[in-house]
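Undergrad: coords please:
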Amino acid sequence: HALTPLNAPTWVEAARLLAEQSYKSAGDLEGRLQTAFRRVVCRTATPADIARLKRAYERQAEIFARNPAQAEALLQVGAAPRDGSILMAEYAPLTAVCLAILNLDEALTRE
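TA: This is a model prediction of the structure:
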């Protein structure tokens, strides 16, 4: 049950579309991460949150740089068409980070 949102095509597609919207709403990585985080968690990300998200983005960017086919596969998930104007090198890692945001305990549970 816990891994369903992380691996389900619907969640991956939702992360991709969140990444696309976040990408278009801000001109830099921090703004994009802040936008995605706020849309999902409904609060402003702290500097510590942003630092973690940036590290995750950088790790994902390295992984996708070594394996562009993996990045392409991620961006093809779902029925919604991919926005070809966004560079894959930025789109894929942002999608992966958006998927992580969607899977945060803070996003999945109510307290």
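Undergrad: C-alpha only now, for contacts and for neighbours.
TA: OK.
Undergrad: stretch 100-107: end-to-end distance?
TA: 10 Å (Cα to Cα, to the nearest Å).
Undergrad: buried ones in it?
TA: Buried residues in stretch 100-107, counted by 16 or more other Cα atoms under 10 Å: A100, I101, L102, N103.
Undergrad: looking at these, which one is closest to D49?
TA: I101 (10.4 Å; Cα to Cα).
Undergrad: got a list of what S25 touches?
TA: Neighbour list for S25: G31, R32, T35 [criterion: Cα atoms under 8 Å, 6 or more residues apart in numbering].
Undergrad: can you tell me the element V77 falls in?
TA: Using DSSP states H and E, V77 sits in no helix or strand.
Undergrad: about what we covered before: mind putting the buried residues of stretch 100-107 into TSV with secondary structure?
TA: As requested, the buried residues of stretch 100-107 are exported to TSV (DSSP: H, G, I helix; E, B strand; the rest coil):
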residue	secondary structure
A100	helix
I101	helix
L102	helix
N103	coil
